[in-house]
Every structure is written in C-alpha cells, then in structure tokens.
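Asks: sequence first, then the predicted structure:
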Amino acid sequence: MAVNIRSAKPPDEIFKALRDPVRWRIVAQMAAVDELAYVTLADTLPVVKPTISHHMKILYEAGLINVRKSGRNLYYSLRRDVLHNLIDELWELASTPRPVASKQTRPAVGQRRTRVDGTTRQPARKARATHENAEEVIVLTW
C-alpha cells in the first residue's frame, strides 16, 4: 500500500496535536528513525493499544505523519516538511533575523585557528582536547 499523504492543518491545530505528552513522545520517537512500526509504539508507550490508535489518528489528521500498511502491520513516518513549515511560520512572527547554525566541525587539537580579525593563534593543548568533537550550540532569546 502506498504512503498516505495529507495536507497539513493550520498551525493552531498542529500545536493542539503536539500538546499532549504521549503524542509528543510519539513524535520524538518517530523523529529518531525513518519509519516506526505500530508494535514498537505498543512496546515503548505507557498506554494501551486503543489509546495509541487514538493518538495516531490525531497526529495523522493534523498532517504530521504518514501511514503505510504492509500486510497486517502499520508503519508510521514523521512528515518533517510539516514541522519545517511550522518552524518557518514561527520565525516569521519573530522580530529578529533568523540565525544560521554552522555545521562546521572544530579544528583538530593542535591546529591553528583563525580569528574573526584574520589573525591566528595556537590553541591550548590540554584544555581543548576534551572539546574536539563538541558541536556548536546557538541559544536564542527574545
């Protein structure tokens, strides 16, 4: 059976679907994988199967998930495009420009690093060694 694709609902209905803790947990689990089986949800959530079905129906009607049936099994996938559009709509409401996060990795320990003014410096050897695989974090405030 093909993937069922529904158009996304308005932002207020998407937020209504996401506000329940169980549904939020379902979305978080689906975000970690490409496709999630119904039986996996039944094993990981603290609710009974009919309740899971109810939550999945709400997420589907909000346009947040796709459903694929294979034999007697159901598989769900997160519609990341809907979440990206929702985030874009939220950013339109923000008064400041949207920051762009850098996905560049830090230079290896012992490599020269270029400062904003174009000069370079030799990094401290031991102090930076523990952070060589750390990712850059951007904190936003309004």
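Replies: In hand now; what should we look at?

Asks: okay, now the closest residue to Met30 other than its chain neighbours: neighbour count?
Replies: Nearest residue to Met30, sequence neighbours excluded (C-beta to C-beta, 6 or more residues apart in numbering): Leu78, at 4.0 Å. For glycine as for every other residue, the C-beta is placed from the backbone atoms N, C-alpha and C. Number of residues near Leu78 (other C-beta atoms under 10 Å) recorded here: 22.

Asks: Leu78: what's it in contact with?
Replies: Leu78 is in contact with Val27, Met30, Ala31, Leu64, Ile65, counting by C-beta atoms under 8 Å, 6 or more residues apart in numbering.

Asks: can I get the buried part of these as one ChimeraX selection?
Replies: For the buried members of the contacts of Leu78, the matching ChimeraX selection, counting by 16 or more other C-beta atoms under 10 Å, is:
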select :27,30,64,65
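
Asks: picking up where we left off before, and the residue nearest to Met30, how close does it get to Ala94?
Replies: Look at Leu78 and Ala94: by C-beta to C-beta, to the nearest Å, they are 24 Å apart.

Asks: now this structure, which segments are flagged as low pLDDT?
Replies: The chain contains residues with pLDDT under 70 at 1-8, 95, 97-142.

Asks: can you show me the strands along it?
Replies: 36-37, 65-70, 73-78, 113-114, 120-121 (DSSP state E).

Asks: so can I have JSON lines of these showing distance to Asp88?
Replies: Listed next are the strands of the chain as JSON lines, based on distance: least, C-beta to C-beta, whole Å:
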{"stretch": "strand 36-37", "distance to Asp88": "25"}
{"stretch": "strand 65-70", "distance to Asp88": "19"}
{"stretch": "strand 73-78", "distance to Asp88": "17"}
{"stretch": "strand 113-114", "distance to Asp88": "33"}
{"stretch": "strand 120-121", "distance to Asp88": "38"}
